[in-house]
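Asker: Any chance you can model this:
(one chain, ligands or ions: 1)
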Amino acid sequence: MRMDLVYYPIHEFGPLMKGLVIGGLGIFHVFTAQFAIGGGMLMMYFQWLAMTGRSSEARTFLDRYFKFLVLLSFVTGALTGVGMWFTSIQISPRTIGLMIDEFHWLWGVEWTFFCLEVVAGYCFYRYGAELSDRARIALLGLYTVGAWASLFWINGILSWQLTPGEWTSGHVWKGFFNPTFWPSLFYRTVACLTTASLVSMVVINSFSDFDRDQRTRLINRAAMLLAPMATMPLLGLWFVGSLPEDSREWVLGGSIAMTLFLNLAVIASVLIAGYALVGLIRQRLYINGATATLLCVLAFGATAGGEFVREGVRKPFTVRENLYSNAIKPSEIAHLRAVGGTSLDPFPLRDADAYPNDQVRTGALVFRQQCSICHTPAGVNSLTGLTASWDTDQKRLNIAKLQRLKPFMPPFAGPPHEVEALVQWIEWQQSNKPAQWNDSRTEPENIARLASIQRWLDEAGTAPAKPHDRVSPKLAQQLSQSEAR
Ligand code: HEC
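Answerer: Model (predicted):
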């Protein structure tokens with residue numbers, strides 16, 4: 001049987017769940033990046049207003065706003081962008097490897113546009129004041145095209161993770177133009193415009209040399225970029241409608257956390273849109289710095305909620321139906337059930353001597369390989385906490401049938417003795433890690449016990465659980481081939 005399961009060193013973040021580490025940084029990165037993209041569009045609009053004599057304040061605003069944008073999004077955007085690569089290759093090396101293998105040249109294209117954005121932005125920063133109006137708008141146009149195109153390319157890769165659709169390895173374009181590609185591209189574009197517009201209102205309020213009328217006029221112009229928010233409900237429905245049924249059920253009540261975060265995103269967006277459409281666009285009201293900041297915070301909340309849901313509904317996969325979050329492929333489960341995943345793991349346990357016996361050490365390895373991507377031993381979402389009230393047999397049964405316990409977990413990928421080792425590791429911790437711990441393999445019930453666990457593993461099967469136990473024909477075929485081998 002061909003196995004391309006590769007072991008990577010696994011990084012621990014103590015009590016912090018890995019998803020929170022990536023997610024926290026990612027949300028910040030997305031927000032600043034979307035601000036930079038929308039900012040380009042906003043500046044082109046103001047450059048046009050200035051050139052056509054429609055606004056006498058537009059040019060002053062534009063130059064000041066641009067300095068702010070460069071400072072905020074070039075610096076933090078670049079730092080968090082590098083930070084994203086740095087954390088994600090530690091947390092999900094196999095996923096990142098697959099993404100780079102599959103989309104190598106598309107990453108290159110994305111990167112080229114990103115370079116265009118930075119170079120055009122820098123030229124504008126350095127020479128913008130001396131250039132003619134036509135040269136200025138051309139440069140801003142290049143900046144905007146570069147920024148938006150980098151969104152276009154990265155969006156294809158990120159949406160592929162959620163809905164790879166007809167993709168199979170090698171079919172790059174089928175993966176790239178996947179079912180959620182267009183709705184998420186349009187949705188994000190509107191989000192970019194919204195963020196840029198709201199931030200501009202904070203910036204405009206800081207102009208103490210402008211009188212209130214001048215500021216109001218600028219704010220009303222900037223508010224025009226909020227108008228596309230009216231399309232968000234439709235785009236959102238299109239996106240949710242393009243999700244596979246099981247992911248859709250996650251957000252529509254199947255998972256409390258997902259539903260809550262979706263509601264957070266929707267409510268924050270509705271508040272912003274309501275204020276924008278009624279107050280700023282129809283009644284042409286003024287908005288002060290505090291309110292504008294509050295709206296920015298809401299926009300950040302909406303981005304956070306949306307990103308959380310997008311990452312969350314993919315569970316238990318990092319690339320749907322192709323790679324589980326714990327870096328095991330669906331087609332590898334059957335093999336790992338037969339041979340076990342810990343015996344080949346080349347990386348030593350940290351503080352191996354602190355464990356009381358080999359069985360508990362094996363349990364720690366099982367946890368590290370299969371569970372640590374989503375659980376901590378004793379911090380956020382900890383296994384000791386989640387199973388605190390369960391008795392030993394209950395742990396054995398539930399872990400053997402992991403995907404049935406909660407459908408957003410992958411099937412258990414090891415033989416019965418690895419389930420048992422994991423259970424012992426959990427109970428040893430729940431007993432405050434005593435120096436002596438009985439090795440359950442020495443007990444007379446051991447053989448019968450492993451047989452029960454084997455039966456439970458067989459009953460659960462090797463396919464992921466969906467709310468209705470449906471898998472795509474493609475995955476079903478892969479699984480049956482891997483079991484036959
Ligand atoms: C893809 C992420 C993911 C992986 C991998 C994963 N889990 Fe979970 N697990 C979750 C989530 C999310 C929950 C829900 C937590 C909650 O309900 O608060 C959960 C809940 C649990 C629970 C509590 C269930 C309940 O009904 O109370 C147990 C026990 C558990 N996991 C064990 C494991 C074990 C053991 C492994 C490794 C063999 C594992 N999980 C791997 C995501 C994962």
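Asker: List, one by one, the residues from the protein near the ligand.
Answerer: Counting by Cβ under 6 Å from any ligand atom, the chain comes close to the ligand at 315-316, 325-326, 370-371, 373-375, 381, 383, 386-387, 398-399, 402, 405-406, 408-410, 412, 422. Where C-beta positions appear, they are placed from N, C-alpha and C, glycine not excepted.
Asker: rerun at 5 Å
Answerer: Proximity of the chain to the ligand (Cβ under 5 Å from any ligand atom) is limited to residues Lys315, Pro316, Ser325, Asn326, Gln370, Cys371, Cys374, Leu386, Thr387, Ile399, Lys406, Met409.
Asker: count of neighbours near the second one?
Answerer: Pro316 is flanked by 23 other residues according to other Cβ atoms under 10 Å.
Asker: Make a PyMOL selection of the buried ones in the residues of the chain next to the ligand.
Answerer: Buried members of the residues of the chain next to the ligand, defined by 16 or more other Cβ atoms under 10 Å, are picked up in PyMOL with:
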select buried, resi 315+316+325+326+370+371+374+387+399+409
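Asker: So which of the residues of the chain next to the ligand are in helices?
Answerer: Using DSSP state H to define helices, the subset of the residues of the chain next to the ligand located there is Leu386, Ile399.
Asker: which among the residues of the chain next to the ligand gets closest to Leu271?
Answerer: Minimum distance to Leu271 across those is 28.4 Å, recorded for Lys315 (Cβ to Cβ).
Asker: With distance to His417 and pLDDT added, can I get the residues of the chain next to the ligand in CSV?
Answerer: Output for the residues of the chain next to the ligand, formatted as CSV (distance: Cβ to Cβ, whole Å; pLDDT from 0 to 100):
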residue, distance to His417, pLDDT
Lys315, 27, 86
Pro316, 23, 91
Ser325, 24, 93
Asn326, 19, 93
Gln370, 14, 95
Cys371, 17, 95
Cys374, 23, 91
Leu386, 22, 95
Thr387, 19, 96
Ile399, 13, 98
Lys406, 23, 88
Met409, 20, 94
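Asker: Including distance to Met258, could the residues of the chain next to the ligand go into a markdown table?
Answerer: Converted to a markdown table, the residues of the chain next to the ligand look like this (distance: Cβ to Cβ, whole Å):
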| residue | distance to Met258 |
| --- | --- |
| Lys315 | 9 |
| Pro316 | 13 |
| Ser325 | 15 |
| Asn326 | 19 |
| Gln370 | 22 |
| Cys371 | 20 |
| Cys374 | 14 |
| Leu386 | 18 |
| Thr387 | 22 |
| Ile399 | 23 |
| Lys406 | 12 |
| Met409 | 14 |
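Asker: Could you pull up the residues touching Arg350?
Answerer: Taking Cβ atoms under 8 Å, 6 or more residues apart in numbering as the contact definition, Arg350 lies against Glu12.
Asker: Quick one: the helices in the stretch 351-485 of the chain, in order.
Answerer: With helices called from DSSP state H, counting those that start in this stretch, the stretch 351-485 of the chain shows them at 358-366, 383-386, 392-400, 402-405, 416-430, 446-460, 473-484.
Asker: Which of these sits closest to Leu295?
Answerer: That would be helix 383-386 among those, by Cβ to Cβ, at 37.6 Å.
Asker: in that closest one, what counts as buried?
Answerer: Those would be Leu383, Thr384, for helix 383-386 by 16+ other Cβ under 10 Å.
Asker: same question, stretch 172-189
Answerer: Under the neighbour-count criterion of 16+ other Cβ under 10 Å, stretch 172-189 has 172, 175-176, 178-189 buried.
Asker: Export that stretch to PDB, keeping only CA atoms.
Answerer: Written as PDB, here are the backbone C-alpha positions of stretch 172-189 (Å, rounded to 0.1, in the frame of the first residue of the first chain):
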ATOM      1  CA  VAL A 172      -5.500  23.100 -10.800                       C
ATOM      2  CA  TRP A 173      -8.200  25.200 -12.400                       C
ATOM      3  CA  LYS A 174     -11.100  23.000 -11.300                       C
ATOM      4  CA  GLY A 175      -9.800  23.500  -7.700                       C
ATOM      5  CA  PHE A 176      -9.200  27.200  -8.300                       C
ATOM      6  CA  PHE A 177     -12.600  28.100  -9.800                       C
ATOM      7  CA  ASN A 178     -14.400  26.000  -7.200                       C
ATOM      8  CA  PRO A 179     -18.100  26.400  -6.100                       C
ATOM      9  CA  THR A 180     -17.500  29.200  -3.500                       C
ATOM     10  CA  PHE A 181     -14.900  31.100  -5.600                       C
ATOM     11  CA  TRP A 182     -17.200  33.800  -7.000                       C
ATOM     12  CA  PRO A 183     -19.500  34.400  -4.000                       C
ATOM     13  CA  SER A 184     -16.500  34.800  -1.700                       C
ATOM     14  CA  LEU A 185     -14.600  37.000  -4.100                       C
ATOM     15  CA  PHE A 186     -17.500  39.400  -4.500                       C
ATOM     16  CA  TYR A 187     -18.300  39.300  -0.800                       C
ATOM     17  CA  ARG A 188     -14.800  40.100   0.200                       C
ATOM     18  CA  THR A 189     -14.600  42.900  -2.400                       C
END
